[in-house]
Every structure is written in structure tokens, then in C-alpha cells.
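**Student:** predicted structure and sequence below. I'll ask about it afterward.
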Amino acid sequence: MGRLLAACLRRQLLLAVRRPVEVVNPLVFFLLVVMLFPLGIGPDPRQLTEFAPAVLWIVALLATLLAVEGMFRGDFDDGTLEQLVLAPQPLFLPALTYVFAHWLLTGLPLTLLSPLFALMLQLPGKAIGTLMLSLLLGTAVLSLIGGIGAALTVGLKRGGILISLLIIPFYVPVLIFGSAAVQFAAAGNSAQPQLLVLGGMLSLAVALAPFAIAAGLRISVDAG
Amino acid sequence: MWTWFHKFGSPPWLYSIAGSILRWLVPITVILLAVGAVWGLLYAPPDFRQGNSYRIMFVHVPASVVALAGYYVMATAGAVSLIWRMKMADIALRSCAPIGAMLTFLGLLSGAVWGKPTWGTWWVWDARVTSMLVLFFLYVGIIALYEAFDNEELAGKACAVLSLVGTVNIPIIYKSVDWWYSLHQPASIKFTEDSTMDGSMLRPLLLMIVAFYCLFASSLLLYMRSEILRRESSTNWVRKLVLAKAGQGSANAV
């Protein structure tokens, strides 16, 4: 079992390393949209400071959403998923490795680069630690929820916009607590309650989402 | 003892039982709606601060309550469909979604109409309004996912999974938006303590809520009956049914 999971994860990461553009794309998207906001709102630093937590979180959410559609696409097309469905091991464990690989390739780089974007948007320095911590927890939840949407729509020819419709409603709580944490920290308050709630959401999502993803994958493999 | 339950898996049985329930449920719904509407809109006393505008409540509250309950009906159908692989549960799930979406929309719309005279604005991003909006998108998502599949059996399963994911998430969404400062009043009807609403307004409101539940049930059964006919259109029992109806019709015409 451990070997299967390690092989799954290794394969995911290897495939990603061979196509680095797909890893970089969400980050470039993040940068581009962050650039759009000052152009739209105006360069006034005070206003930017006020909007920065929300902007950073919304853009991180959209970047994850953009990448989530491809989570199972390649392996669905070449039949790997079908083999995993047929394998004797329970499907939810390999499903979890897909999500983990996805998070390693989108959520984690976004988190690591976020201080740079935070400085561009004039976010106060004291909030940067909270921003990174909230993104670290929050993007993992986003990847898990996104995995459910991706699993349900991977067999469909026209899944693109559908997946946003399916999962954006479920992204609402993560966004609220994530950007609230950064806002609290920027105002000089403790963001611990929000971060704890994000951690709670992550625990719940890790426990439940893999089963929904596995069920979704079975349906999609049947449909394909 | 489980035979009654397994009967739900049979389309002709469900079709006919739904028909005989509807025969008395539809009149009851119409009577309750009429009595509740007249009582609430004409005879209940005006509110001492909101005047007559509060009467929108008699549509707004029942629609919203039943819209939320409808989601759980839909998710229960989804669970039944996944556990017992019952085709009829898929039909119930598929039929719940548009009805629930319409009720949610009605709740949002009547809320906007009520918000204008009382809050001075059509729309606020407050906890309850926002979570109802999210609920609306959950319903729309179910409909969109169902329509995206070519195979109806798989569509039903996919929607069942999605609706179950929603049951976990709805309380979280609700609580998270509740964190904002809220303009919306807290619920006035309480089961455990005295309601903060006078009985002269509460009684017609409760009647309207019951009426909307009946409305939901009868629309659901009607929708399910038409779905059953559509899906089973190539089977023998539907052909017999249609031919019998056609025979009656022509006999009446003569």
C-alpha cells in the first residue's frame, strides 16, 4: 500500500517536472491578476492596504481553481485512472495523493511566493506571516474541495465552466476565514481563531473529501 | 418488512401511488395557500413599525424555510440512490433541484422586495442573504451537473455525491457567513422558548409554512411523475397507460 502511494505521488511529481509550464502557469496568473488590481483600484497605497487581504485571497482561490481542472485530466485520458479503479487497494488513498501532488504544485508555491505579492499590494509586514499560514492551510482545503469537482467532471467533454459552478459555492467559507485572518493580522489583532477554524476545515476536508473524490472518479471512469 | 421500501423502486407503482396522493394533496395545498394568504395578507394586524410591508413575510419566510429543507430532501434522495441504487431516488433528486432553486429564488426575490422599504436597500451582503444565494448556486450546480452527463444513471450518481458533499458544507457555509455583522434579524420562531412574534401574526405564518411544505411535496410528486413517464416512455406499462387515456379521451369525444 505504501509503495503504491509513493509510486503514485512520485509519478505525479515527475510528470509535473517534465512539463514545468503547467506548474508555472498558475503562478503567472496570480502575478498578472495581482497586477490588475492596482490598475483597477488606483495606486493609492492606503486603499491597496485595505484591499490587499481580500485581493490576495481571491486571486489565490482563482489560481487554484484554474489548476484544479487538470488534476485528473491526463490520467483519465491515458487510462491510468481506470487501472487505479480496478486495483485491489481502496481508491481514496491514491485519490489523496493526486490532491497532495496538486497542492505541492500549486498551493505551496503560491504560499511561498505570496510575501512578494503582499509587498506589491502594500500589505503591512506584520500580516505576512499570517498570510502565509492562512494560505498554507487554506489552499490545501481548496485543493481537496476542488478535487471533488474535478473527479465528478473529468469524464465530461464540457467540464470547464461547470467545475467553477460546482465548487465556488464550497470555496466561500475558506475565503471568508482566510481573508478575515489576514485582515485581523493587518489591523494588529490576533488571527488565531480564524487560523484555527481553517485548520478545522482542513481536518474535516482531509477526512471526508477523499471518499467523495473516489466516488466521483468511479462515476467518471464509468462514464468515459 | 422491507417490501414497502423496495416498492419505491418500481416506476409503475410509484407513478400510481404518487397519482393517488396528489388527488388529495393538491386540493389541500390550494386550500391552505388560499386560507393562509387571505389570513396573512388581509386579516393579520399590521406591524406597529413596518406597517403593512411586513406582510411579505408570509411568502418570504415559508419559501426560504422550505427551500432549505428541500436541500435535505434532495440529499436524502441522493443517499438512498447511492446506498440502495434506486432509480426512483435519482428521479426524486433530479425533481427536487429545480423546485428548490425556484423556492430559493422566490425567497431571495421577496427578501429584496421586503428589504427596500425596511432596510432601504434591495440587497445586503448579510449572512442569511449570502447563504441563501450560495444555496441557490448549489441547486443550480446540481441541475448543471445532471444535464452535463449523457448517461442518466451516472448523472444521478454524480448528483447524489455532490448533494451529499453539500450537506456537510451547508452548515459550514451558514456559520461562516454568520460571522459577518448581520443586518438580518435572528429567527423569531423558536421551538424551545416563547416566540418573539405575536400569535396573531405567528398563526397565519405557521399555516403558510405548512402550505409551502405541501406545495413542495405536490410539485415534487408532479415533477417526478412526468420524469417517470419521460424515462420509461419506451416501456409497456406507459404505452398501456397512454393508450387507455387516449381511449377514454376518444370515447368522451364521441
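**Tutor:** Great, that's in hand.

**Student:** get me the contact residues on chain A for chain B.
**Tutor:** A:148, A:152-153, A:156, A:158-159, A:162, A:165-166, A:168-170, A:172-173, A:176-177, A:180, A:201, A:204, A:208, A:212, A:215-216, A:219-220, A:222-223 (Cβ under 8 Å from any Cβ of the partner chain). For every residue, glycine as well, the C-beta is placed using N, CA and C.

**Student:** show me which of the residues you listed are buried.
**Tutor:** By neighbour count, with 16 or more other Cβ atoms under 10 Å in any protein chain shown, these hold A:148, A:152-153, A:156, A:159, A:162, A:165-166, A:168-170, A:172-173, A:176-177, A:180, A:201, A:208, A:212, A:215-216, A:219-220, A:223 as buried.

**Student:** which residues are in contact with the residue of chain A found nearest chain B?
**Tutor:** For chain A, the residue closest to chain B is residue A:173, as judged by Cβ to the nearest Cβ, at 3.7 Å. Residue A:173 sits next to A:201, B:169, B:172-173, B:175-177 when contact means Cβ atoms under 8 Å, 6 or more residues apart in numbering or on different chains.

**Student:** go with 7 Å
**Tutor:** When contacts are counted by Cβ atoms under 7 Å, 6 or more residues apart in numbering or on different chains, residue A:173 touches A:201, B:172-173, B:176.

**Student:** tell me how far it lies from residue B:55.
**Tutor:** 34 Å (Cβ to Cβ, to the nearest Å).

**Student:** do the same with residue A:63
**Tutor:** In this view, residue A:63 and residue B:55 are 47 Å apart by Cβ to Cβ.

**Student:** settle it for me: which of the two has more neighbours?
**Tutor:** Neighbours were tallied for residue A:63 and for residue B:55 using other Cβ atoms under 10 Å in any protein chain shown; the higher tally belongs to residue A:63 (26 against 20).

**Student:** next, give me the two most distant ones among the contacts of residue A:173.
**Tutor:** A:201 and B:173 (11.1 Å; Cβ to Cβ).

**Student:** and the helix or strand containing residue B:70, what other elements does it pack with?
**Tutor:** Here residue B:70, judged by DSSP states H and E, is contained in helix B:57-84. The helices and strands touching helix B:57-84, judged by 3 or more Cβ pairs under 7 Å, 6 or more residues apart in numbering or on different chains; DSSP states H and E, are helix B:87-119, helix B:127-148, helix B:152-178, helix B:199-231.

**Student:** between these, which one is nearest to chain A?
**Tutor:** By Cβ to the nearest Cβ (comparing all of the helices and strands packed on helix B:57-84), the closest turns out to be helix B:152-178, at 3.7 Å.

**Student:** chain center to that closest one: distance?
**Tutor:** Mean-position distance between helix B:152-178 and its chain equals 16 Å (Cα atoms, centre = their mean, to the nearest Å).

**Student:** so is that helix next to chain A?
**Tutor:** Yes - using Cβ under 7 Å from any Cβ of the partner chain, helix B:152-178 reaches chain A at B:154, B:157-158, B:161-162, B:165, B:168-169, B:172-173, B:176-177.

**Student:** out of those residues, grab the one that's most surrounded.
**Tutor:** residue B:158 (29 neighbours).

**Student:** which residues touch that one?
**Tutor:** With Cβ under 7 Å, 6+ apart, residue B:158 has these contacts: A:152, A:216, A:219, B:145, B:149.

**Student:** which two among these are spaced furthest apart?
**Tutor:** A:216 and B:149 (12.0 Å).

**Student:** ok, back up a step: with adjacent residues omitted, what lies nearest to the residue of chain A closest to chain B?
**Tutor:** Spatial nearest neighbour of residue A:173, chain neighbours left out: residue B:176 (3.7 Å); criterion: Cβ to Cβ, 6 or more residues apart in numbering or on different chains.

**Student:** which residues does residue B:112 contact?
**Tutor:** Contacts of residue B:112 (Cβ under 7 Å, 6+ apart): B:122-123.

**Student:** how far off centre is the helix or strand where residue A:197 lies?
**Tutor:** Here residue A:197 sits within helix A:192-223, counting by DSSP H and E. Averaging C-alpha positions (Cα atoms, centre = their mean) puts helix A:192-223 12 Å from its chain's average.

**Student:** packing partners for it?
**Tutor:** helix A:80-86, helix A:92-102, helix A:128-153, helix A:160-186, helix B:152-178.

**Student:** now it against helix B:127-148, angle please.
**Tutor:** Angle, helix A:192-223 to helix B:127-148, by axes from the mean of the first three to the mean of the last three Cα atoms, to 10 degrees: 20 degrees.

**Student:** between the contacts of residue A:173, which is closest to residue B:239?
**Tutor:** Checking the contacts of residue A:173 against residue B:239 with Cβ to Cβ, the nearest one is residue B:173 at 46.0 Å.

**Student:** is it true that the closest one touches residue A:172?
**Tutor:** Yes - Residue B:173 lies in contact with residue A:172 (Cβ atoms under 7 Å); the separation is 5.5 Å.

**Student:** joint contacts of the two?
**Tutor:** Shared contacts of residue B:173 and residue A:172, defined by Cβ under 7 Å, 6+ apart, comprise residue B:134.

**Student:** ramachandran angles for residue B:51?
**Tutor:** phi 60, psi -130 (degrees, to the nearest 10).

**Student:** hey, what's it bridged with?
**Tutor:** As for beta bridges, residue B:51 partners with residue B:47 under DSSP bridges.

**Student:** what's around it, how many residues?
**Tutor:** Neighbour count for residue B:51, taken as other Cβ under 10 Å: 11.

**Student:** any idea how far it lies from residue B:118?
**Tutor:** Applying Cβ to Cβ, the value for residue B:51 to residue B:118 is 10 Å.

**Student:** equivalent analysis for residue A:178, please.
**Tutor:** Note on residue A:178: its distance to residue B:118, by Cβ to Cβ, is 33 Å.

**Student:** neighbour count for the two, which is higher?
**Tutor:** More crowded of residue A:178 and residue B:118, by other Cβ under 10 Å: residue A:178, with 32 against 16.

**Student:** ok, that one - contacts?
**Tutor:** Residues in contact with residue A:178 (Cβ under 7 Å, 6+ apart) are A:57, A:134, A:138, A:198.

**Student:** for it, which non-adjacent residue is spatially closest?
**Tutor:** residue A:138 (4.2 Å).

**Student:** that neighbour contacts residue A:198, correct?
**Tutor:** Yes - between residue A:138 and residue A:198 there is a contact under Cβ under 7 Å: 5.5 Å.

**Student:** would a markdown table of the helices and strands packed on helix B:57-84 with mean pLDDT be doable?
**Tutor:** As requested, the helices and strands packed on helix B:57-84 are exported to a markdown table (pLDDT from 0 to 100):
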| stretch | mean pLDDT |
| --- | --- |
| helix B:87-119 | 91 |
| helix B:127-148 | 90 |
| helix B:152-178 | 85 |
| helix B:199-231 | 92 |
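
**Student:** out of those helices, flag the one nearest residue A:94.
**Tutor:** The minimum distance between residue A:94 and the helices and strands packed on helix B:57-84 falls on helix B:152-178, with 17.6 Å, by Cβ to Cβ.
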